[in-house]
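Undergrad: From the sequence below, what's the structure:
(4 chains)
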Number of protein chains: 2
Amino acid sequence: MDIENSKAQMKKGILEYCILSIISRGEVYASDILEEMKSSSLLVVEGTIYPLLSRLKNEGLLSYNWVESKSGPPRKYYQLTQQGITFMNELGLTWQELVKAVNELTQKTNNQI
Amino acid sequence: MDIENSKAQMKKGILEYCILSIISRGEVYASDILEEMKSSSLLVVEGTIYPLLSRLKNEGLLSYNWVESKSGPPRKYYQLTQQGITFMNELGLTWQELVKAVNELTQKTNNQI
DNA sequence: AATATATACTATGTATTGCATAGTACTAAA
DNA sequence: TTTAGTACTATGCAATACATAGTATATATT
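TA: Numbering: from 1, shown residues only, chains lettered A, B, ... in the order given. Sure, this is the predicted structure:
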């Protein structure tokens, strides 16, 4: 039985919310997001974030500008669309409800073990 | 863009923890768990819970006794194994760390929007 | 007694998602 | 010109929740 796998499963569903949240603070490109997630101990890798950004863009939650870089190929700087902002706020509510529900459910337990 | 889907994705990774937690309070069978989850606004359905219980049992986190029922076929009453208790506690730690990390990450944001 | 209904568990297939991996393309240093 | 670093793209795999259909048992209804 692998705790690492379960840990990864827990993380899965909230990546979307975290990434929208990071982008909402100001324009960033993929590597900025990777950095930010790493520093929050929510490790993510390239293979995860690029497809996710593409998906969110295709769904109309994000848009981007190409920006030239001095140290390599151009970068996609992402920003939230109006729809993205709305969606992020809904995810925030969902997250809070989830935390509340899980904490209530599991605290009943901890008192008895 | 479907908020319901994202909501479902968030829920995915924590079901395991919730179910172990419920079982740790005392022996229950599948329908008890379904009831408990529903009353915590963490809706789950049969098709989810039966395979999950089987998986956890095969992994050695749960064991069960057959108990006769007056209103239908016999029931599997589950309990945690020692390994299951250990694992549940690890999941609890993981959950708390995750909540902390996500809240810190997203609160930075909310202050600026 | 025979059928219908409710309950409980089983089995199979699907969709979504994170991730591993390999590949392309561009810039700058060596 | 080659090498290293950076940024994005494309493909396939594994894990999980869920939909759906099916099997089996006990009680209720006729």
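
Undergrad: where along chain A do the helices fall?
TA: Secondary structure of chain A (DSSP state H): helices at A:3-12, A:15-24, A:30-39, A:46-58, A:82-110.

Undergrad: deepest of those helices, which one?
TA: Across the helices of chain A, averaging neighbours per residue (mean count of other C-beta atoms under 10 Å in any protein chain shown) puts helix A:15-24 on top, at a mean of 22. C-beta here means a position set from N, CA and C on the backbone, and glycine is covered the same way.

Undergrad: Contacts (any at all) between DNA strand C and it?
TA: Yes: Helix A:15-24 reaches DNA strand C (C-beta under 7 Å from any atom of the strand) through A:15-16.

Undergrad: And that helix, what does it pack against?
TA: helix A:30-39, helix A:46-58, strand A:72-80, helix A:82-110, helix B:3-12, helix B:82-110 (3 or more C-beta pairs under 8 Å, 6 or more residues apart in numbering or on different chains; DSSP states H and E).

Undergrad: Out of the helices and strands in chain A, which is least certain?
TA: Least confident helix or strand of chain A, by mean pLDDT, DSSP states H and E, is helix A:3-12 with a mean of 86.

Undergrad: gap between A:Met37 and A:Thr81?
TA: Going from A:Met37 to A:Thr81 by C-beta to C-beta, to the nearest Å gives 21 Å.

Undergrad: same question but for A:Tyr50, I mixed them up
TA: Separation of A:Tyr50 from A:Thr81 (C-beta to C-beta): 19 Å.

Undergrad: repeat for A:Glu16
TA: 15 Å.

Undergrad: likewise A:Glu59?
TA: From A:Glu59 over to A:Thr81 (counting by C-beta to C-beta), the distance is 10 Å.

Undergrad: distance between the ends of stretch A:24-44?
TA: 18 Å (C-alpha to C-alpha, to the nearest Å).

Undergrad: Can that stretch be said to contact DNA strand D?
TA: Yes: using C-beta under 7 Å from any atom of the strand, we find that stretch A:24-44 touches DNA strand D at A:29-31.

Undergrad: DNA strand C: which of those residues is nearest?
TA: Nearest to DNA strand C among these is A:Ala30, at 12.0 Å by C-beta to the nearest atom of the strand.

Undergrad: What parts of chain A come near DNA strand C?
TA: By C-beta under 7 Å from any atom of the strand, the residues of chain A that approach DNA strand C are A:8, A:11-13, A:15-16, A:43-48, A:51-52, A:55, A:69-74.

Undergrad: now do 10 Å
TA: Chain A has residues A:5, A:7-9, A:11-19, A:37, A:42-52, A:55-56, A:59, A:68-74 near DNA strand C, with proximity defined as C-beta under 10 Å from any atom of the strand.
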